[in-house]
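[1] coordinates only, no sequence provided:
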């Protein structure tokens, strides 16, 4: 709800909180955080909120609240740094879609790298297949955006900064791999303790 409210007034809130390259260069660094909450229109906010609910529903069991916060922090930092250093043509950016790509990629990578120690073998096999399929689909989407922009959203009332999607996806894959590695390590430790306790 707050995202939609902040998107209504094109003046005051956007002047204060959007990612604007010139303002950030003048020291307004809070925009690197607030830009991910701001939206250009109610339609933009509703679309991102729908995506957030879908990603949360799909990967609720895979990413704990701590993992989700970590993904958000790494994703925002990666997107901001990439836009600033690699995409000087981006003067303005707002929206949650870059972080949505980070959460989606983190969850899919977590599935792809699921450990047999976490649950039954059949379930792990299905998770890995789904993780691979989702990451392939994401890679195709990002490749199409890199070549043709987000042509499926051209009828909407807001521009799409596809670079944020790409770098959010990269950040999410890294976080998902890290989460999977720690989960495998913890599973090995627990298995070792269990075997010693027999």
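    Great, that's in hand. Source: prediction; values computed, not measured. Numbering: from 1, shown residues only.
[2] where do the strands sit along this structure?
    19-20, 92-93 (DSSP state E).
[3] so which of those strands comes closest to residue 82?
    Comparing the strands of the chain against residue 82 with C-beta to C-beta, the closest turns out to be strand 92-93 (10.7 Å). The way it works is simple: take the backbone N, C-alpha and C, and place the C-beta from them, glycine included.
[4] elements contacting that closest one?
    Counting by 3 or more C-beta pairs under 8 Å, 6 or more residues apart in numbering; DSSP states H and E, the packing neighbours recorded for strand 92-93 are strand 19-20.
[5] what average pLDDT does the strand it packs on get?
    Mean per-residue pLDDT for strand 19-20: 95.
[6] and that strand, which strands flank it?
    Paired neighbours of strand 19-20 in the sheet (DSSP bridges): strand 92-93 (antiparallel).
[7] now the strands of the chain as a markdown table including mean neighbour count and distance to residue 60?
    Below are these laid out as a markdown table (neighbours: other C-beta atoms under 10 Å; distance: least, C-beta to C-beta, whole Å):
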| stretch | mean neighbour count | distance to residue 60 |
| --- | --- | --- |
| strand 19-20 | 22 | 29 |
| strand 92-93 | 20 | 28 |
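[8] would TSV of the ones you listed with distance to residue 141 be doable?
    TSV is the format used below for the strands of the chain (distance: least, C-beta to C-beta, whole Å):
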stretch	distance to residue 141
strand 19-20	22
strand 92-93	19
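[9] out of those strands, the one nearest residue 45 is which?
    Counting by C-beta to C-beta, residue 45 lies closest to strand 92-93 out of the strands of the chain; the figure is 14.8 Å.
[10] nearest residue to the middle of this protein?
    For the chain, residue 102 is the residue whose C-alpha lies nearest the centre (C-alpha atoms, centre = their mean; 2.0 Å).
[11] which one is that residue nearest to, not counting chain neighbours?
    In this structure, residue 102 finds its nearest non-sequential neighbour in residue 75, 3.1 Å apart by C-beta to C-beta, 6 or more residues apart in numbering.
[12] please apply the same query to residue 130.
    residue 111 (5.6 Å).
[13] that neighbour and residue 124: what is the separation?
    Per C-beta to C-beta, to the nearest Å, residue 111 is found 9 Å from residue 124.
[14] the two: which is more packed in?
    Neighbours around residue 111 and residue 124, counted as other C-beta atoms under 10 Å, are more numerous at residue 111. The numbers are 24 against 16.
[15] residues in contact with that one?
    Contact analysis of residue 111 by C-beta atoms under 8 Å, 6 or more residues apart in numbering lists 62, 127, 128, 130, 131, 134.
[16] can you tell me which residues contact the residue lying closest to the first one once chain neighbours are set aside?
    Using C-beta to C-beta, 6+ apart and skipping residues adjacent in sequence, the residue nearest residue 62 is residue 110, 4.7 Å away. For residue 110, the contact set (C-beta under 8 Å, 6+ apart) comprises 59, 62, 63, 131, 176, 179, 180.
[17] which one (most neighbours) among those residues?
    Taking other C-beta under 10 Å as the neighbour criterion, residue 176 ranks highest of the contacts of residue 110 with 29 neighbours.
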